[in-house]
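Undergrad: Model the structure of this input:
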Amino acid sequence: MSTTQQVLELLTHTNDPLSGQDIANQLGLSRTAVWKAIKSLQTAGYKIDSRPRVGYQLYDSGNLSEALIRKYLPTTFLYPIEIHKTIDSTNIRAKQLGNQANIATPYIVIADQQTAGYGRYGRNFVSPSGTGIYISILLNNSRFDFDPGLLTTAVSLAITRTIEKKLNATAQIKWVNDVIVDEKKICGILTEGISDLETQSLTKIVVGAGINYLTTTFPIEIEKRAGSLRKYALQAHVSRNEFIANYLIEFFNLYKNYFDGTFMDEYRQHSNIIGHKVTISQGEKTLTGTVTAINDKGALVLADGTILSSGEVTKIRPL
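TA: A predicted model of the protein is given here:
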């Protein structure tokens with residue numbers, strides 16, 4: 001670990017100011033080495049308050065940082081975290097990692113900006129820097145009965161839980177996985193698989209999420225239906241680092257047993273379409289019906305008995 005990283009780690013896990021001499025003593029460094037490390041961190045964007053006769057104190061300025069994310073995570077959380085300033089897509093990166101023979105999973109990829117972010121059906125996902133949360137989790141798969149719909153619903157619930165616990169905002173879920181706040185979509189989720197060509201088996205899974213966290217503007221074509229958590233995040237003083245950490249906690253709590261569907265009652269409580277007449281698009285086909293339930297596999301149940309495990313709700317009619 002570099003000197004700069006050592007100093008960052010120490011400041012991250014200390015709530016009170018530390019003098020240069022304290023840092024030097026604890027890490028076995030010279031005062032000059034400490035000073036150079038502090039300047040390097042400040043240049044890199046870390047907010048470190050420096051007060052004479054008081055010391056140095058690190059604050060979460062909102063810049064994405066593995067050290068700060070881990071500050072909000074339990075010490076038992078040891079999965080690797082990779083952060084990029086700019087990347088084409090966190091899902092693409094996670095899939096690249098998934099094709100490496102000895103990559104450890106779960107593996108988390110986070111970006112401050114995506115230049116080629118995408119969602120369901122290959123749609124472009126606008127991913128500006130400094131405002132959004134773009135995160136993908138690479139998972140190993142040993143289940144022959146893997147259900148992507150059930151995992152996707154678990155992801156949407158993990159994000160919903162995080163919003164309600166950390167930001168004190170009410171969130172709803174539009175089937176399958178659109179998270180809605182103030183009647184606008186604030187999050188997109190995409191689950192993808194990596195297959196072994198020889199065995200024809202699904203070996204790894206990538207679950208990606210793009211969250212409009214501090215976003216202020218959207219392209220004209222989506223501005224009427226896209227929303228942001230900015231108001232709630234600023235009111236609650238919750239940084240992207242803290243939100244990401246809490247999402248990871250919620251996700252892995254659900255992921256342990258997601259395949260048994262025991263969380264579906266909670267998912268249904270957050271659904272904004274049960275009891276509503278909806279229009280659903282499935283490729284070239286369009287269906288209309290009243291939603292009577294969402295079953296324990298995450299499938300939509302219509303009043304005429306139709307069961308849909310995939311599709312997109314394009315219109316919801318008021319009750």
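
Undergrad: where exactly do the helices run in the stretch 51-200 of the chain?
TA: Along the stretch 51-200 of the chain, counting by DSSP state H, counting those that start in this stretch, helices occupy 66-71, 90-98, 148-166.

Undergrad: Same list, the ones you listed, but as a markdown table with mean neighbour count please.
TA: Quick note: C-beta positions are derived from backbone N, CA and C, even for glycine. Formatted as a markdown table, the helices of the stretch 51-200 of the chain follow (neighbours: other Cβ atoms under 10 Å):
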| stretch | mean neighbour count |
| --- | --- |
| helix 66-71 | 20 |
| helix 90-98 | 22 |
| helix 148-166 | 22 |
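
Undergrad: For residue 257, find the nearest of those helices.
TA: The minimum distance between residue 257 and the helices of the stretch 51-200 of the chain falls on helix 148-166, with 9.5 Å, by Cβ to Cβ.

Undergrad: Of the helices of the stretch 51-200 of the chain, which is nearest residue 45?
TA: helix 66-71 (11.2 Å).

Undergrad: what about the helices of the stretch 51-200 of the chain, which gets the closest to residue 136?
TA: Evaluated over those, closeness to residue 136 peaks at helix 90-98, with 3.9 Å, by Cβ to Cβ.

Undergrad: check contacts around residue 235.
TA: 167-168 (Cβ atoms under 8 Å, 6 or more residues apart in numbering).

Undergrad: Quick one: closest of the helices of the stretch 51-200 of the chain to residue 189.
TA: Distance to residue 189, taken as Cβ to Cβ, is lowest for helix 148-166 among the helices of the stretch 51-200 of the chain, at 5.1 Å.

Undergrad: Mean confidence (pLDDT) on the closest one, please.
TA: Averaged across helix 148-166, pLDDT comes to 95.

Undergrad: so what secondary structure elements neighbour that helix?
TA: Other helices and strands packing on helix 148-166, by 3 or more Cβ pairs under 8 Å, 6 or more residues apart in numbering; DSSP states H and E, are strand 172-174, strand 178-181, strand 184-196, strand 201-211, helix 240-255, helix 264-269.

Undergrad: Dump it to PDB, restricted to CA.
TA: The C-alpha trace of helix 148-166 is given here as PDB (Å, rounded to 0.1, in the frame of the first residue of the first chain):
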ATOM      1  CA  PRO A 148     -33.200 -13.400 -13.800                       C
ATOM      2  CA  GLY A 149     -36.600 -11.800 -13.100                       C
ATOM      3  CA  LEU A 150     -36.400 -12.700  -9.400                       C
ATOM      4  CA  LEU A 151     -32.900 -11.300  -9.000                       C
ATOM      5  CA  THR A 152     -33.900  -8.100 -10.800                       C
ATOM      6  CA  THR A 153     -36.800  -7.600  -8.500                       C
ATOM      7  CA  ALA A 154     -34.400  -8.100  -5.500                       C
ATOM      8  CA  VAL A 155     -32.200  -5.300  -6.900                       C
ATOM      9  CA  SER A 156     -35.100  -2.900  -7.300                       C
ATOM     10  CA  LEU A 157     -36.200  -3.700  -3.700                       C
ATOM     11  CA  ALA A 158     -32.600  -3.100  -2.400                       C
ATOM     12  CA  ILE A 159     -32.600   0.300  -4.000                       C
ATOM     13  CA  THR A 160     -36.000   1.100  -2.700                       C
ATOM     14  CA  ARG A 161     -35.100   0.100   0.800                       C
ATOM     15  CA  THR A 162     -32.000   2.300   0.600                       C
ATOM     16  CA  ILE A 163     -34.000   5.300  -0.600                       C
ATOM     17  CA  GLU A 164     -36.500   5.000   2.200                       C
ATOM     18  CA  LYS A 165     -34.000   4.300   5.000                       C
ATOM     19  CA  LYS A 166     -31.300   6.900   4.100                       C
END
